[in-house]
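1. what follows is a predicted structure for the sequence shown.
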Amino acid sequence: MTTVHNRRARAQGGKLDDCLRACAVHSGKIVGSTDRRRIQLAEQLRKLLVVCATGATPEPAPAPSGATALLKRAVKGTATPSAGLSNELLDALLAVANKALECGYDDELNLALLISDTVLAQRKSSRAGWRLRARLLEALGDETEAVAAYERYLGLTDDDGFGVRAKVAGLRTAAEKEQELLALLRRQCPRAEEFARGPATDVWAEGLAAHAVGDWTEAEPRMVGAILALAAERSPVDERQELLSQYLDLRTDRGGDLPALTEALALYAEQRRARMRGPVADPTIGGVRWLSLGEFRNEIAGKSVCLIANSGRVGSSSMGAEIDAYDLVVRFNSYRIDPKHTGSRTDIHATIHKHGFNWDQQVTTRLVFGGISGDWKYSLRNRLVPGAQRFLGDESLRWPVRNIGRLGTDAWTGIPTTGFNMLFLLDFLDVSPTLDLIGFDFYESGAYRVPEAMKMPITSVHEYTSEKEWVMQRAQRVTDMRISLR
């Protein structure tokens, strides 16, 4: 069994030169990969090497061009900024590490660990660095260290848009319930202690062999003993969970003492559920009223509507009073309020389900968009703040471009943005005498978001060009700050 500690020992580092050299070498390793996740990682590595190359001192002699030159220059270390880790380089390294983490393979996890070590050695108070470290440790099954890293992250931020507090609460609850389950198994199978000090892999194999010949009396204490041994070693969570699952499956198939089995299964389910999501304070989500497509139409009919972009142009617009004069003000995702420029009121908050920015802000209506029904329901259950909204869009409003407009990937290849889903919905309903877009320049002026979200990249999965064309085809009037569709 590969342990977290072995992986971490292999990845320990902190020197920027070594980290960049490892990234360059890894870029060469995955050339030609057909794995989608590694292809995405290769693209981020390419961008990192470009950042390194553009920050390097030009060499006097003619140099190779293209990707080969970038790779050679990064491996030599000539691209390392002399002043240390610049913001641009930090962002590029974090982007690589996040894609490496998504890959999940040992080589990529080691690369992510090396980057994490380097980032935190260079920037001890990096919020993104500590969140990366925590997610990485959680993926490796070291929940104790993951919780400590998450807490370091929380200590550096006031805006928990990623739901880290709930995650920490869930991990702590899971650890407690797992300990309760192990204590229960000790009581239910006292002989397990005889085998808890042996090599877990060997003891488990002996248990399986005994079960194969029908000797449950000898199989069960060995299986439980192996599980206890893994827990004592602080082995990765996924290894402990795998053995617990197999043991309980075999025990279920065998039957026997049903109340004792039910008690064990309940604790197992509870600790698994806690790892998947944090505690939910109010299962009724605060008595919120659900809105269907037709009900949402009635709420907005006859009212003037403005949609406020999260753009740098809005952040310096001085249009706050004009924005607040509309009947309905719509804002998106991680919007930022500055009354002079953005206005002060939010009537409708439209957000993607994948993060929790501004879900605690008081609004009349919250529309949460998501492409996959199960993921959307999961996010509502975990992220919705009871009492923060009067109305909540139901599943008929979950994914307007695809589900209402019936625009499949053949007609609209990119993933529609939150803003485009909202605008498409309002245009489709066609009940607003005024429908204005304020500050929509499709990020030409940069992003204007809550501070915690400013480091989030402008993702490449959206068709910004196609969305802009769609808007301009329907525009009735266009000024520097306002696009009117009605």
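-> Thanks, I have it. Residues are numbered from 1 along each chain as shown.

2. name the helix or strand for Asp160, please.
-> For Asp160, there is no helix or strand it lies in under DSSP states H and E.

3. and for it, nearest residue in space, chain neighbours not counted?
-> With C-beta to C-beta, 6 or more residues apart in numbering as the measure, Leu154 is the residue that lies nearest to Asp160, at 6.8 Å, once sequence neighbours are left out. Using the backbone N, CA and C atoms, a C-beta is placed for each residue, glycine as well.

4. which other helices and strands contact the strand or helix carrying the one you found?
-> Assignment of secondary structure by DSSP H and E places Leu154 within helix 143-155. Using 3 or more C-beta pairs under 8 Å, 6 or more residues apart in numbering; DSSP states H and E as the contact criterion, the secondary-structure elements in contact with helix 143-155 are helix 127-139, helix 164-188.

5. ranking the ones you listed by burial, who's on top?
-> Mean neighbour count, computed with mean count of other C-beta atoms under 10 Å, is highest for helix 127-139 among the helices and strands packed on helix 143-155, reaching a mean of 23.

6. just how off-centre is it within its chain?
-> Counting by C-alpha atoms, centre = their mean, to the nearest Å, helix 127-139 is centred 11 Å from the centre of its parent chain.

7. between it and helix 164-188, how many degrees?
-> For helix 127-139 against helix 164-188, the angle between stretch directions is 20 degrees (axes from the mean of the first three to the mean of the last three C-alpha atoms, to 10 degrees).

8. by contact count, what packs against helix 127-139?
-> With contacts taken as 3+ C-beta pairs under 8 Å, 6+ apart, helix 127-139 sits against helix 87-103, helix 106-122, helix 143-155, helix 164-188.

9. who wins for proximity to Leu250 among these?
-> helix 164-188 (13.2 Å; C-beta to C-beta).

10. now do the closest one and helix 143-155, the angle between them.
-> Between helix 164-188 and helix 143-155, the angle comes out at 160 degrees (the same axes, to 10 degrees).

11. now for helix 164-188, which elements pack on it?
-> In terms of contacts (3+ C-beta pairs under 8 Å, 6+ apart), helix 164-188 is packed against helix 127-139, helix 143-155, helix 216-232, helix 258-276.

12. in stretch 96-106, which residues are buried?
-> Buried residues in stretch 96-106, counting neighbours by 16 or more other C-beta atoms under 10 Å, are found at 96-101, 103.

13. what residues does that stretch touch?
-> Contacts of stretch 96-106 with the rest of the structure, by C-beta atoms under 8 Å, 6 or more residues apart in numbering, involve 2, 7, 23, 35, 37-38, 40-41, 44-45, 48, 108-109, 111-112, 115-116, 119, 132, 135-136, 139.

14. about what we covered before: quick check, nearest of the buried residues of stretch 96-106 to Arg398?
-> Nearest to Arg398 among these: Asn98, at 26.3 Å, using C-beta to C-beta.

15. look up how far His26 lies from the closest one.
-> 14 Å (C-beta to C-beta, to the nearest Å).
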